[in-house]
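Peer 1: Quick one, structure for this:
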Amino acid sequence: MTSRLAWIGGLVGLLTALIFFAPARWLADRVGSATSGQLQLVNARGSVWNGQADLVFTGGDGSRTQTALPQGLQWQLRPTLSSASPAVSLRLTAPCCTPQPMAMTLVPRLGGAELRMAGNSSHWPAELLTGLGTPWNTLRMEGQLVLQTPGLTLRFDKGRATLQGEAAVEAVDLVSRLSTLRPLGSYRMSLRADAGGNTTTLDLATLRGALQLQGSGQWVGGRLRFQGVAEAAPDSEAALANLLNIVGRRQGARSLLTIG
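Peer 2: Presented below is the predicted three-dimensional model:
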């Protein structure tokens with residue numbers, strides 16, 4: 001009897017250790033698998049609950065293109081019972097880019113999950129996009145991406161993803177290796193999803209600059225359909241000709257941007 005109790009105690013202790021001291025690389029493996037290798041936590045250290053790693057963007061499994069976030073990423077995971085159902089709170093801190101930690105809550109659901117992102121403002125180097133492969137590795141963008149949201153919810157239900165809330169990304173003073181013109185301009189991309197998550201719209205507008213971009217789109221059946229136009233401001237046509245030839249289908253002085 002004593003021996004059996006000792007075995008049970010040992011197993012309980014082992015399970016407790018696995019739960020509370022699970023290595024950070026376990027989480028890194030899950031992130032890499034879930035994103036098909038496009039988002040990787042490299043050199044992960046610490047535990048699943050309190051860890052840090054180098055954040056690397058790639059074009060996916062087998063891609064030779066990659067970029068890393070300066071100074072890496074830190075995270076804190078905490079189980080919580082404050083909501084109607086069990087949840088996990090997540091705080092992300094990137095020394096280079098998040099003046100305040102990004103706070104999220106993951107709520108498991110029957111047949112899916114819900115990820116809630118609290119209001120936040122952060123700024124990220126546009127160079128990170130290069131690691132995602134085509135077309136970003138051709139454009140080689142530089143500049144700053146400012147992400148702002150009053151709150152955003154991403155729901156997964158039986159393989160279908162829907163959004164609720166709004167967010168905006170401002171691309172400030174972008175430059176590209178495809179043009180000698182520096183900077184090309186600054187732009188704002190706005191994302192809005194209705195309360196039911198049935199309609200998600202995307203709008204692109206130029207704030208300033210010689211490269212003029214505008215367009216709009218919607219997520220339909222889980223796929224983005226976007227149509228827009230890129231054109232050069234007067235006296236900038238020659239400097240932007242090569243870039244306009246690559247970003248879309250030329251129609252006279254303009255390039256048509258089409259996704260989906």
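Peer 1: how far away is the nearest residue to Arg223 once chain neighbours are set aside from Gln227?
Peer 2: Nearest residue to Arg223, sequence neighbours excluded (C-beta to C-beta, 6 or more residues apart in numbering): Gly260, at 5.4 Å. In this view, the C-beta of every residue, glycine as well, is placed from N, C-alpha and C. As judged by C-beta to C-beta, to the nearest Å, Gly260 and Gln227 stand 9 Å apart.
Peer 1: got any residues that touch both of the two?
Peer 2: Gly217 (C-beta atoms under 8 Å, 6 or more residues apart in numbering).
Peer 1: any idea how far the residue nearest to the spatial centre of the chain lies from Leu73?
Peer 2: Here the mean C-alpha position of the chain is nearest to the C-alpha of Leu39 (C-alpha atoms, centre = their mean), at a distance of 8.9 Å. Distance of Leu39 to Leu73, computed by C-beta to C-beta: 10 Å.
Peer 1: what touches both of the two?
Peer 2: Counting by C-beta under 8 Å, 6+ apart, the residues touching both Leu39 and Leu73 are Leu55.
Peer 1: for Ala103, helix, strand, or coil?
Peer 2: strand (DSSP: H, G, I helix; E, B strand; the rest coil).
Peer 1: Can you report how many residues neighbour the closest residue to Val42 other than its chain neighbours?
Peer 2: Using C-beta to C-beta, 6+ apart and skipping the chain neighbours, the partner closest in space to Val42 is Asp54 (4.4 Å). If you count neighbours by other C-beta atoms under 10 Å, Asp54 ends up with 17.
Peer 1: SS state for Asp54?
Peer 2: Reduced to three states by three-state DSSP, Asp54 is strand.
Peer 1: what about it, distance to Thr149?
Peer 2: For Asp54 relative to Thr149 (C-beta to C-beta), the value is 25 Å.
Peer 1: still on that earlier bit, wait, what's in contact with the residue nearest to the centre of the chain?
Peer 2: Contacts of Leu39 by C-beta under 8 Å, 6+ apart are Val31, Gly32, Leu55, Val56, Phe57, Thr58.
Peer 1: mind redoing it with 6 Å?
Peer 2: Shown in contact with Leu39 (C-beta atoms under 6 Å, 6 or more residues apart in numbering): Val31.
Peer 1: now do Leu257
Peer 2: Going by C-beta under 6 Å, 6+ apart, Leu257 touches Gly215, Gly228, Ala230, Gly248.
Peer 1: where's the residue nearest to it when sequence neighbours are not counted, which helix or strand?
Peer 2: Take Leu257 and drop its neighbours on the chain: the residue closest to it by C-beta to C-beta, 6+ apart is Gly228, 3.8 Å away. Per DSSP states H and E, Gly228 falls inside strand 223-232.
Peer 1: Just checking: what are the partner strands of that strand?
Peer 2: Strands that pair with strand 223-232, judged by DSSP bridges, come out as strand 211-220 (antiparallel), strand 254-259 (antiparallel).
Peer 1: need those strands in TSV with distance to Leu204, can you?
Peer 2: What follows is the strands paired with strand 223-232, written out as TSV (distance: least, C-beta to C-beta, whole Å):
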stretch	distance to Leu204
strand 211-220	5
strand 254-259	8
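Peer 1: for the spatially closest residue to Asp61 that is not a sequence neighbour, what are its contacts?
Peer 2: Spatially, and ignoring its direct neighbours in sequence, Asp61 is nearest to Gly37 (4.2 Å; C-beta to C-beta, 6+ apart). Gly37 sits next to Thr58, Gly60, Asp61 when contact means C-beta under 6 Å, 6+ apart.
Peer 1: so the first one sits right up against Gly131, yeah?
Peer 2: Which is Thr58. Yes. Taking C-beta atoms under 6 Å as the definition, Thr58 is a contact partner of Gly131 at 5.5 Å.
Peer 1: Need the overlap of contacts for those two.
Peer 2: With C-beta under 6 Å, 6+ apart, Thr58 and Gly131 have common neighbours Gln66.
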